[in-house]
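# need coordinates for the below:
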Amino acid sequence: MGAADRATLINRFLLSLLFATLCSSDPDLLLDYCVADTTPAGSSAFHFNGLACIDPAAARADHFATSALSRPTNAAATPFGFNVTLTTPASSLPGANAQGLAMARIDLAPGGMAPPHSHPRASEVALVLAGSVLVGFADTSYRLYTQLLRAGEAFVFPRAMVHFLYNMDTAAPAVVLSGLNSQSPGAQLVPFSAFRTEPRLPDEVLKKAFKITGQDVQKIQRNLAGS
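Presented below is the predicted three-dimensional model:
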């Protein structure tokens, strides 16, 4: 193999390694675990991709447990009829710090919906605990995948795909448990991204994008103002 061929092979390898690194989820640990230091000193002294770790010798079993998802919330009091409780290392599950995962409880009021949204940093698997929930996502070719789930059934939302959850039952609430492969999955609701940004998107952009009038833009913004 000539020098030019070796150089080409090395360049391809380095590009492949860079691509794999950029496309991976949260960084891997170099320790068994990294229990989050939730004290003011630990959370403000440095800016990590996560939280600083406590001394592993100080770790306790309760650092790896949480009851945050056991408490129902009043989803009916929200504009869309849904509420999310998300575990975070800072507030409810310090032992999950840097493990590349989070869990969420989604409470859906009767007829409630988690409107179209995406998680830019995580894939999600949703397990219905109670009720019947219509779920779905659209891929980048705008093909829609939907499924009606009942208790005990699950569905996967690929990373960053726009998806929704809708409680089909107008008489009873529904509960969904989700697992996400990032401790900071992020959430971007489509209605808010279009009509509730600060500062606002120009009306001309919204009118042309959604084929609506200026009055429609203002009406939608008013309707979402209390969300």
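# for residue 129, which non-adjacent residue is closest in space?
residue 175 (4.4 Å; CB to CB, 6 or more residues apart in numbering). For glycine as for every other residue, the C-beta is placed from the backbone atoms N, C-alpha and C.
# same thing with residue 177?
Using CB to CB, 6+ apart and skipping the chain neighbours, the partner closest in space to residue 177 is residue 127 (4.9 Å).
# residue 180 pairs with what?
Beta bridges link residue 180 to residue 102, residue 124, judged by DSSP bridges.
# so where's this structure shaky on pLDDT?
1-25, 27-31, 41-49, 226-227 (pLDDT under 70).
# list the contacts for the residue nearest to residue 129?
By CB atoms under 8 Å, 6 or more residues apart in numbering, the contact set of residue 175 is 72, 105-108, 128-131.
# ok, residue 33 next?
56, 59, 64, 95, 97-99.
# what does residue 183 give?
Counted by CB under 8 Å, 6+ apart, residue 183 has contacts 26, 50, 88-89, 96-102.
# any idea how far it is from residue 224?
Distance, residue 183 to residue 224, using CB to CB, to the nearest Å: 29 Å.
# circling back: of the contacts of residue 175, which is the most crowded?
residue 108 (28 neighbours; other CB atoms under 10 Å).
# tell me which element the closest residue to residue 96 other than its chain neighbours is part of?
Excluding its sequence neighbours, the residue lying closest to residue 96 (CB to CB, 6+ apart) is residue 89, at 5.5 Å. If you go by DSSP states H and E, residue 89 is not part of any helix or strand.
# please apply the same query to residue 194.
Using DSSP H and E, residue 194 falls in helix 190-195.
# any chance you could map the helices in the protein?
3-23, 40-44, 190-195, 203-210, 214-224 (DSSP state H).
# give me the buried positions along the fourth one.
In terms of neighbour count (16 or more other CB atoms under 10 Å), helix 203-210 has its buried residues at residue 206.
# residues in contact with it?
By CB under 8 Å, 6+ apart, helix 203-210 touches 194-195, 212-214, 216-217.
# buried subset of those?
Buried among the contacts of helix 203-210 (16+ other CB under 10 Å): 194-195, 217.
# export those residues as TSV, with columns for distance to residue 207.
Putting these into TSV (distance: CB to CB, whole Å) gives the following:
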residue	distance to residue 207
194	12
195	12
217	6
